[in-house]
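Undergrad: What follows is a predicted protein model with its sequence.
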Amino acid sequence: QSPPSCCRHLLNTFCALYLAKLSSVGSISEEETCEKLKGLIQRQVQMCKRNLEVMDSVRRGAQLAIEECQYQFRNRRWNCSTLDSLPVFGKVVTQGTREAAFVYAISSAGVAFAVTRACSSGELEKCGCDRTVHGVSPQGFQWSGCSDNIAYGVAFSQSFVDVRERSKGASSSRALMNLHNNEAGRKAILTHMRVECKCHGVSGSCEVKTCWRAVPPFRQVGHALKEKFDGATEVEPRRVGSSRALVPRNAQFKPHTDEDLVYLEPSPDFCEQDMRSGVLGTRGRTCNKTSKAIDGCELLCCGRGFHTAQVELAERCSCKFHWCCFVKCRQCQRLVELHTCR
Ligand SMILES: *[C@@H]1O[C@H](CO)[C@@H](O)[C@H](O)[C@H]1NC(C)=O
Ligand SMILES: *[C@@H]1O[C@H](CO)[C@@H](O)[C@H](O)[C@H]1NC(C)=O
(Lines give C-alpha, C1' and ligand atoms only; values in the text may rest on other atoms or scores of the structure.)
(Ligands and ions follow the chains in the order given, each with its own letter.)
Protein backbone atom coordinates (compact mmCIF):
# COMPACT_ATOMS: atom_id res chain seq x y z
CA GLN A 1 0.00 0.00 0.00
CA SER A 2 1.55 3.26 -1.02
CA PRO A 3 0.62 6.50 0.72
CA PRO A 4 -1.08 8.09 -2.29
CA SER A 5 -3.98 5.67 -2.63
CA CYS A 6 -4.42 4.87 1.00
CA CYS A 7 -4.44 8.46 2.07
CA ARG A 8 -7.47 9.08 -0.09
CA HIS A 9 -10.04 8.13 2.50
CA LEU A 10 -8.23 9.60 5.41
CA LEU A 11 -8.36 12.82 7.22
CA ASN A 12 -5.23 14.70 6.32
CA THR A 13 -3.81 14.52 9.82
CA PHE A 14 -3.52 10.80 9.42
CA CYS A 15 -1.90 11.14 6.04
CA ALA A 16 0.77 13.16 7.70
CA LEU A 17 0.97 10.60 10.47
CA TYR A 18 1.28 7.86 7.93
CA LEU A 19 4.03 9.73 6.17
CA ALA A 20 5.76 10.04 9.50
CA LYS A 21 5.85 6.26 9.71
CA LEU A 22 7.35 5.83 6.29
CA SER A 23 11.00 6.61 6.57
CA SER A 24 11.34 5.72 2.89
CA VAL A 25 9.46 8.84 1.85
CA GLY A 26 12.56 10.85 2.67
CA SER A 27 12.06 14.55 2.76
CA ILE A 28 9.23 16.31 1.06
CA SER A 29 11.33 18.52 -1.12
CA GLU A 30 9.59 18.61 -4.48
CA GLU A 31 6.21 19.87 -5.55
CA GLU A 32 5.75 16.51 -7.20
CA THR A 33 5.61 14.84 -3.79
CA CYS A 34 2.61 17.01 -2.92
CA GLU A 35 0.79 15.75 -6.01
CA LYS A 36 1.46 12.19 -4.94
CA LEU A 37 -0.25 12.75 -1.63
CA LYS A 38 -3.62 12.11 -3.15
CA GLY A 39 -5.24 11.94 0.27
CA LEU A 40 -4.88 15.68 0.48
CA ILE A 41 -7.74 17.71 -0.90
CA GLN A 42 -6.86 20.24 -3.62
CA ARG A 43 -6.54 23.10 -1.14
CA GLN A 44 -4.00 21.10 0.82
CA VAL A 45 -1.99 20.12 -2.23
CA GLN A 46 -1.72 23.82 -3.00
CA MET A 47 -0.73 24.54 0.59
CA CYS A 48 1.83 21.76 0.40
CA LYS A 49 3.39 23.23 -2.77
CA ARG A 50 3.38 26.76 -1.42
CA ASN A 51 4.87 25.62 1.87
CA LEU A 52 7.26 22.89 0.78
CA GLU A 53 9.85 23.81 3.36
CA VAL A 54 7.26 23.56 6.13
CA MET A 55 6.10 20.09 5.18
CA ASP A 56 8.99 18.35 6.88
CA SER A 57 8.01 20.10 10.09
CA VAL A 58 4.47 18.82 9.61
CA ARG A 59 5.89 15.35 9.36
CA ARG A 60 8.11 15.84 12.39
CA GLY A 61 5.09 17.12 14.30
CA ALA A 62 3.15 14.02 13.37
CA GLN A 63 6.02 11.79 14.51
CA LEU A 64 6.20 13.70 17.79
CA ALA A 65 2.46 13.21 18.24
CA ILE A 66 2.71 9.44 17.74
CA GLU A 67 5.58 9.12 20.19
CA GLU A 68 3.85 11.22 22.83
CA CYS A 69 0.57 9.35 22.41
CA GLN A 70 2.38 6.05 22.94
CA TYR A 71 4.14 7.40 26.00
CA GLN A 72 0.96 8.74 27.61
CA PHE A 73 -0.97 5.53 26.92
CA ARG A 74 1.81 3.02 27.60
CA ASN A 75 0.01 1.50 30.60
CA ARG A 76 -3.51 1.47 29.23
CA ARG A 77 -5.47 -1.15 27.34
CA TRP A 78 -5.45 1.02 24.25
CA ASN A 79 -1.76 1.89 24.00
CA CYS A 80 -1.82 4.03 20.86
CA SER A 81 0.10 1.48 18.86
CA THR A 82 0.10 2.24 15.18
CA LEU A 83 -0.57 -0.30 12.49
CA ASP A 84 1.47 -0.85 9.37
CA SER A 85 -1.74 -0.57 7.40
CA LEU A 86 -4.28 2.17 7.36
CA PRO A 87 -5.85 3.83 9.16
CA VAL A 88 -2.67 4.08 11.21
CA PHE A 89 -4.37 3.91 14.60
CA GLY A 90 -7.06 1.49 13.49
CA LYS A 91 -10.77 2.11 13.22
CA VAL A 92 -10.97 3.26 16.82
CA VAL A 93 -9.84 6.62 15.64
CA THR A 94 -12.13 6.85 12.62
CA GLN A 95 -15.04 6.60 15.04
CA GLY A 96 -15.94 9.50 17.30
CA THR A 97 -14.34 8.05 20.42
CA ARG A 98 -12.39 9.57 23.29
CA GLU A 99 -9.24 8.02 21.80
CA ALA A 100 -9.94 9.77 18.50
CA ALA A 101 -10.36 13.03 20.42
CA PHE A 102 -6.89 12.61 21.92
CA VAL A 103 -5.24 11.66 18.63
CA TYR A 104 -6.69 14.69 16.84
CA ALA A 105 -5.69 17.03 19.65
CA ILE A 106 -2.13 15.74 19.99
CA SER A 107 -1.66 15.76 16.20
CA SER A 108 -2.71 19.35 15.68
CA ALA A 109 -0.61 20.30 18.70
CA GLY A 110 2.35 18.39 17.26
CA VAL A 111 2.12 20.24 13.97
CA ALA A 112 1.83 23.65 15.67
CA PHE A 113 4.74 22.79 17.96
CA ALA A 114 7.11 21.53 15.27
CA VAL A 115 6.39 24.43 12.92
CA THR A 116 6.93 26.94 15.74
CA ARG A 117 10.25 25.35 16.66
CA ALA A 118 11.37 25.34 13.05
CA CYS A 119 10.54 29.06 12.82
CA SER A 120 12.66 29.94 15.86
CA SER A 121 15.60 27.85 14.76
CA GLY A 122 15.79 29.76 11.51
CA GLU A 123 15.12 26.70 9.34
CA LEU A 124 12.28 28.34 7.47
CA GLU A 125 12.22 31.31 5.16
CA LYS A 126 8.58 32.13 5.74
CA CYS A 127 8.86 32.69 9.46
CA GLY A 128 11.32 33.49 12.21
CA CYS A 129 11.24 34.49 15.84
CA ASP A 130 8.39 36.46 17.29
CA ARG A 131 9.97 39.91 17.58
CA THR A 132 6.86 41.65 18.89
CA VAL A 133 7.89 40.90 22.48
CA HIS A 134 10.88 43.18 23.07
CA GLY A 135 12.31 45.90 25.28
CA VAL A 136 12.55 45.73 29.06
CA SER A 137 9.91 43.85 31.00
CA PRO A 138 8.13 45.28 34.07
CA GLN A 139 10.13 42.73 36.12
CA GLY A 140 13.29 44.34 34.89
CA PHE A 141 14.68 41.75 32.53
CA GLN A 142 15.51 42.27 28.90
CA TRP A 143 13.42 40.53 26.28
CA SER A 144 15.76 38.90 23.77
CA GLY A 145 13.49 39.78 20.87
CA CYS A 146 13.48 36.18 19.71
CA SER A 147 10.47 34.49 21.26
CA ASP A 148 8.87 31.34 19.87
CA ASN A 149 6.46 32.31 17.12
CA ILE A 150 3.54 30.26 18.40
CA ALA A 151 1.07 32.45 16.49
CA TYR A 152 2.60 31.26 13.22
CA GLY A 153 2.66 27.61 14.27
CA VAL A 154 -0.94 27.73 15.44
CA ALA A 155 -2.11 29.52 12.30
CA PHE A 156 -0.32 26.98 10.12
CA SER A 157 -1.82 24.07 12.03
CA GLN A 158 -5.26 25.67 11.75
CA SER A 159 -5.05 26.15 8.03
CA PHE A 160 -3.44 22.81 7.23
CA VAL A 161 -4.99 20.45 9.75
CA ASP A 162 -8.48 21.95 9.90
CA VAL A 163 -9.05 22.62 6.21
CA ARG A 164 -10.35 19.13 5.61
CA GLU A 165 -13.14 19.42 8.14
CA ARG A 166 -14.01 22.90 6.97
CA SER A 167 -14.27 21.79 3.35
CA LYS A 168 -17.03 19.40 4.33
CA GLY A 169 -19.05 22.38 5.52
CA ALA A 170 -18.07 21.75 9.11
CA SER A 171 -21.62 20.80 9.95
CA SER A 172 -21.43 17.06 10.46
CA SER A 173 -21.08 16.02 14.07
CA ARG A 174 -17.73 14.43 13.38
CA ALA A 175 -16.38 17.55 11.70
CA LEU A 176 -17.50 19.62 14.69
CA MET A 177 -15.88 17.16 17.06
CA ASN A 178 -12.60 17.08 15.13
CA LEU A 179 -12.40 20.86 14.85
CA HIS A 180 -13.07 21.26 18.54
CA ASN A 181 -10.38 18.76 19.53
CA ASN A 182 -7.86 20.15 17.03
CA GLU A 183 -8.31 23.52 18.68
CA ALA A 184 -8.08 22.05 22.19
CA GLY A 185 -4.73 20.54 21.22
CA ARG A 186 -3.34 23.90 20.14
CA LYS A 187 -4.77 25.56 23.27
CA ALA A 188 -2.78 23.10 25.36
CA ILE A 189 0.40 24.68 23.97
CA LEU A 190 -0.87 28.24 24.24
CA THR A 191 -1.89 27.92 27.90
CA HIS A 192 1.47 26.43 28.83
CA MET A 193 3.72 28.97 27.11
CA ARG A 194 6.48 30.00 29.47
CA VAL A 195 9.32 32.43 29.89
CA GLU A 196 12.86 31.11 29.60
CA CYS A 197 15.86 33.17 30.56
CA LYS A 198 19.59 33.27 30.29
CA CYS A 199 21.89 35.01 32.72
CA HIS A 200 24.86 37.11 31.73
CA GLY A 201 27.52 38.50 34.02
CA VAL A 202 30.63 37.43 35.87
CA SER A 203 30.40 33.72 36.69
CA GLY A 204 26.63 33.48 36.47
CA SER A 205 25.95 36.52 38.62
CA CYS A 206 22.96 37.34 36.46
CA GLU A 207 23.63 41.06 36.26
CA VAL A 208 21.79 41.01 32.98
CA LYS A 209 19.00 38.61 32.23
CA THR A 210 17.55 38.10 28.78
CA CYS A 211 14.33 36.20 28.39
CA TRP A 212 12.01 34.99 25.69
CA ARG A 213 8.61 33.35 25.45
CA ALA A 214 8.99 29.66 24.71
CA VAL A 215 6.75 26.71 23.95
CA PRO A 216 6.57 24.18 26.80
CA PRO A 217 8.31 20.81 26.41
CA PHE A 218 6.05 18.59 24.30
CA ARG A 219 5.87 16.11 27.19
CA GLN A 220 3.97 18.75 29.19
CA VAL A 221 1.52 19.23 26.31
CA GLY A 222 1.00 15.46 26.16
CA HIS A 223 0.43 15.31 29.89
CA ALA A 224 -2.10 18.15 29.83
CA LEU A 225 -4.01 16.52 26.97
CA LYS A 226 -3.98 13.15 28.74
CA GLU A 227 -5.71 14.83 31.70
CA LYS A 228 -8.25 16.28 29.28
CA PHE A 229 -8.73 12.77 27.91
CA ASP A 230 -9.50 11.46 31.40
CA GLY A 231 -12.07 14.20 31.90
CA ALA A 232 -13.42 14.31 28.33
CA THR A 233 -17.08 15.26 27.82
CA GLU A 234 -19.52 13.09 25.88
CA VAL A 235 -21.48 15.39 23.59
CA GLU A 236 -24.29 15.28 21.07
CA PRO A 237 -25.24 17.63 18.26
CA ARG A 238 -28.00 20.11 18.95
CA ARG A 239 -29.52 22.79 16.79
CA VAL A 240 -28.59 26.18 18.22
CA GLY A 241 -30.28 28.98 16.33
CA SER A 242 -29.50 28.40 12.68
CA SER A 243 -26.44 26.22 13.19
CA ARG A 244 -25.42 23.03 14.93
CA ALA A 245 -23.32 22.78 18.03
CA LEU A 246 -22.09 20.05 20.34
CA VAL A 247 -23.56 20.09 23.83
CA PRO A 248 -22.97 17.73 26.77
CA ARG A 249 -25.14 14.62 26.48
CA ASN A 250 -25.75 14.74 30.19
CA ALA A 251 -27.41 18.08 30.93
CA GLN A 252 -26.15 17.90 34.52
CA PHE A 253 -22.54 18.24 33.41
CA LYS A 254 -21.10 21.67 33.15
CA PRO A 255 -20.51 22.76 29.56
CA HIS A 256 -17.06 22.00 28.14
CA THR A 257 -14.59 24.78 27.45
CA ASP A 258 -12.39 25.33 24.39
CA GLU A 259 -9.63 23.49 26.20
CA ASP A 260 -11.58 20.31 26.95
CA LEU A 261 -11.78 17.24 24.73
CA VAL A 262 -15.16 16.07 23.48
CA TYR A 263 -16.34 12.78 21.99
CA LEU A 264 -19.52 11.37 20.47
CA GLU A 265 -19.36 7.62 20.96
CA PRO A 266 -18.38 5.34 23.82
CA SER A 267 -15.18 3.33 23.30
CA PRO A 268 -14.95 -0.45 23.11
CA ASP A 269 -13.27 -2.12 26.12
CA PHE A 270 -10.13 -2.96 24.06
CA CYS A 271 -9.83 -6.32 25.81
CA GLU A 272 -9.90 -8.74 22.90
CA GLN A 273 -8.09 -8.63 19.61
CA ASP A 274 -10.22 -7.43 16.73
CA MET A 275 -8.01 -6.83 13.74
CA ARG A 276 -10.86 -5.51 11.61
CA SER A 277 -11.10 -2.58 14.01
CA GLY A 278 -7.36 -2.42 14.56
CA VAL A 279 -7.74 -3.38 18.22
CA LEU A 280 -4.79 -5.49 19.35
CA GLY A 281 -6.26 -6.69 22.65
CA THR A 282 -4.22 -6.95 25.84
CA ARG A 283 -2.95 -10.53 25.56
CA GLY A 284 0.78 -10.58 26.20
CA ARG A 285 0.89 -7.09 27.71
CA THR A 286 3.10 -6.57 30.74
CA CYS A 287 1.07 -5.72 33.83
CA ASN A 288 1.75 -4.64 37.40
CA LYS A 289 0.69 -7.26 39.93
CA THR A 290 0.32 -4.87 42.87
CA SER A 291 -1.42 -1.98 41.16
CA LYS A 292 -5.16 -1.52 41.46
CA ALA A 293 -5.18 1.00 38.63
CA ILE A 294 -5.57 0.37 34.89
CA ASP A 295 -1.95 -0.84 34.64
CA GLY A 296 -2.67 -3.54 37.24
CA CYS A 297 -3.02 -7.14 36.08
CA GLU A 298 -6.67 -7.32 37.11
CA LEU A 299 -7.87 -4.44 34.92
CA LEU A 300 -5.31 -4.59 32.13
CA CYS A 301 -5.88 -8.31 31.56
CA CYS A 302 -9.66 -7.86 31.73
CA GLY A 303 -9.97 -10.55 34.40
CA ARG A 304 -8.41 -13.26 32.20
CA GLY A 305 -5.50 -13.73 34.57
CA PHE A 306 -1.80 -13.51 33.86
CA HIS A 307 1.39 -15.50 33.42
CA THR A 308 4.38 -15.00 35.66
CA ALA A 309 7.91 -15.60 34.47
CA GLN A 310 11.31 -15.13 36.07
CA VAL A 311 13.50 -13.04 33.85
CA GLU A 312 17.08 -12.01 34.30
CA LEU A 313 17.70 -8.32 34.17
CA ALA A 314 21.21 -7.10 33.43
CA GLU A 315 22.21 -4.20 35.67
CA ARG A 316 25.27 -2.20 36.53
CA CYS A 317 26.37 -2.85 40.08
CA SER A 318 29.27 -2.50 42.55
CA CYS A 319 30.28 0.72 40.90
CA LYS A 320 33.64 2.09 42.00
CA PHE A 321 35.07 5.51 41.49
CA HIS A 322 38.62 5.51 40.12
CA TRP A 323 41.06 8.41 40.41
CA CYS A 324 40.68 10.32 38.14
CA CYS A 325 37.94 10.38 36.81
CA PHE A 326 35.91 7.41 35.84
CA VAL A 327 33.43 5.00 37.32
CA LYS A 328 33.78 1.29 36.78
CA CYS A 329 30.87 -1.07 37.31
CA ARG A 330 30.25 -4.77 37.14
CA GLN A 331 27.41 -6.36 35.25
CA CYS A 332 25.03 -8.10 37.60
CA GLN A 333 22.11 -10.29 36.82
CA ARG A 334 18.99 -9.72 38.87
CA LEU A 335 16.00 -12.03 38.81
CA VAL A 336 12.69 -10.24 38.47
CA GLU A 337 9.15 -11.45 38.08
CA LEU A 338 7.47 -10.42 34.89
CA HIS A 339 3.70 -10.63 34.62
CA THR A 340 1.96 -10.78 31.27
CA CYS A 341 -1.73 -10.97 30.46
CA ARG A 342 -3.25 -14.29 29.41
C1 LIG B 1 0.80 -2.11 22.51
O2 LIG B 1 0.29 -3.36 22.88
C3 LIG B 1 0.50 -4.38 21.92
C4 LIG B 1 -0.18 -5.64 22.42
O5 LIG B 1 -1.50 -5.43 22.75
C6 LIG B 1 1.98 -4.60 21.71
O7 LIG B 1 2.18 -5.57 20.71
C8 LIG B 1 2.62 -3.29 21.28
O9 LIG B 1 4.01 -3.42 21.18
C10 LIG B 1 2.29 -2.16 22.25
N11 LIG B 1 2.73 -0.92 21.65
C12 LIG B 1 3.42 0.00 22.30
C13 LIG B 1 3.78 1.20 21.55
O14 LIG B 1 3.74 -0.15 23.45
C1 LIG C 1 3.35 -1.22 40.44
O2 LIG C 1 2.31 -0.59 41.15
C3 LIG C 1 2.69 -0.16 42.46
C4 LIG C 1 1.42 0.35 43.15
O5 LIG C 1 0.71 1.22 42.34
C6 LIG C 1 3.79 0.89 42.33
O7 LIG C 1 4.18 1.32 43.62
C8 LIG C 1 4.97 0.30 41.59
O9 LIG C 1 5.96 1.28 41.37
C10 LIG C 1 4.54 -0.29 40.26
N11 LIG C 1 5.66 -0.99 39.65
C12 LIG C 1 6.09 -0.74 38.42
C13 LIG C 1 7.22 -1.60 37.94
O14 LIG C 1 5.60 0.12 37.71
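TA: On my side now, so go ahead. Ligands and ions are numbered 1, 2, ... in the order given.
Undergrad: Walking through the protein, point out its helices one by one.
TA: 3-7, 12-21, 31-36, 42-50, 52-72, 98-120, 150-161, 163-167, 173-190, 218-230, 297-300 (DSSP state H).
Undergrad: what's the closest of the ones you listed to ligand 2?
TA: Checking the helices of the chain against ligand 2 by Cβ to the nearest ligand atom gives helix 297-300 as the closest, at 9.9 Å. Just so you know, the C-beta spots here come from the backbone N, C-alpha and C atoms, and that holds for glycine as well.
Undergrad: For that closest one, which outside residues touch it?
TA: Residues from elsewhere that reach helix 297-300 (Cβ atoms under 8 Å, 6 or more residues apart in numbering): 75-77, 282, 285, 287-289, 291-294, 305-306, 339, 341.
Undergrad: repeat for stretch 186-196
TA: Contact with stretch 186-196 is made by 105, 108-109, 112-113, 116, 148, 150, 153-154, 157-158, 211-216, 220-221, 224-225, 228, 258-259, as judged by Cβ under 8 Å, 6+ apart.
Undergrad: Can you point out the buried residues in that stretch?
TA: By neighbour count with 16 or more other Cβ atoms under 10 Å, stretch 186-196 contains the buried residues R186, K187, A188, I189, L190.
Undergrad: Now the residue of the stretch 1-150 of the chain found nearest ligand 2: closest residue in space, sequence neighbours ignored.
TA: For the stretch 1-150 of the chain, the residue closest to ligand 2 is N75, as judged by Cβ to the nearest ligand atom, at 8.0 Å. Spatial nearest neighbour of N75, excluding adjacent residues (Cβ to Cβ, 6 or more residues apart in numbering): D295 at 3.6 Å.
Undergrad: ok so, going back, deepest-packed of the helices of the chain, please.
TA: Ranked by mean neighbour count, the helices of the chain are led by helix 98-120 with a mean of 28 (mean count of other Cβ atoms under 10 Å).
Undergrad: Quick one: mean pLDDT over that helix.
TA: Mean pLDDT, computed over helix 98-120, is 94.
Undergrad: anything in that helix near ligand 1?
TA: No - against ligand 1, helix 98-120 shows no contacts by Cβ under 6 Å from any ligand atom, the least distance being 13.1 Å.
Undergrad: wait, which of the buried residues of stretch 186-196 is closest to V235?
TA: Closest approach between the buried residues of stretch 186-196 and V235, by Cβ to Cβ: K187, at 17.0 Å.
Undergrad: Alongside ligand 1, which residues does the stretch 51-200 of the chain contribute?
TA: Neighbours of ligand 1 within the stretch 51-200 of the chain, by Cβ under 6 Å from any ligand atom: Q70, R74, N79, S81.
Undergrad: I'd like the residues you listed written out as CSV, with pLDDT added.
TA: As requested, these are exported to CSV (pLDDT from 0 to 100):
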residue, pLDDT
Q70, 92
R74, 95
N79, 91
S81, 82
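Undergrad: Buried only: go through those for me.
TA: Buried members of these, scored by 16+ other Cβ under 10 Å, are N79, S81.
Undergrad: of all the residues of the stretch 51-200 of the chain next to ligand 1, which two lie farthest apart?
TA: The distance between the two most remote of those (Cβ to Cβ) is 10.0 Å, for R74 and S81.
Undergrad: R249 is in contact with H256, correct?
TA: No - in this structure, H256 is not within contact of R249 by Cβ atoms under 8 Å, at 11.1 Å.
Undergrad: Looking at those two, which is more packed in?
TA: Taking neighbours as other Cβ atoms under 10 Å, H256 and R249 compare with H256 leading, 20 against 14.
Undergrad: how close does the nearest residue to the more buried one once chain neighbours are set aside get to ligand 1?
TA: Using Cβ to Cβ, 6+ apart and skipping residues adjacent in sequence, the residue nearest H256 is T233, 4.3 Å away. Here T233 is placed at a distance of 27 Å from ligand 1 (Cβ to the nearest ligand atom, to the nearest Å).
Undergrad: residue of the stretch 151-300 of the chain with the smallest distance to ligand 1?
TA: Of all residues in the stretch 151-300 of the chain, the one sitting closest to ligand 1 is L280 (3.8 Å; Cβ to the nearest ligand atom).
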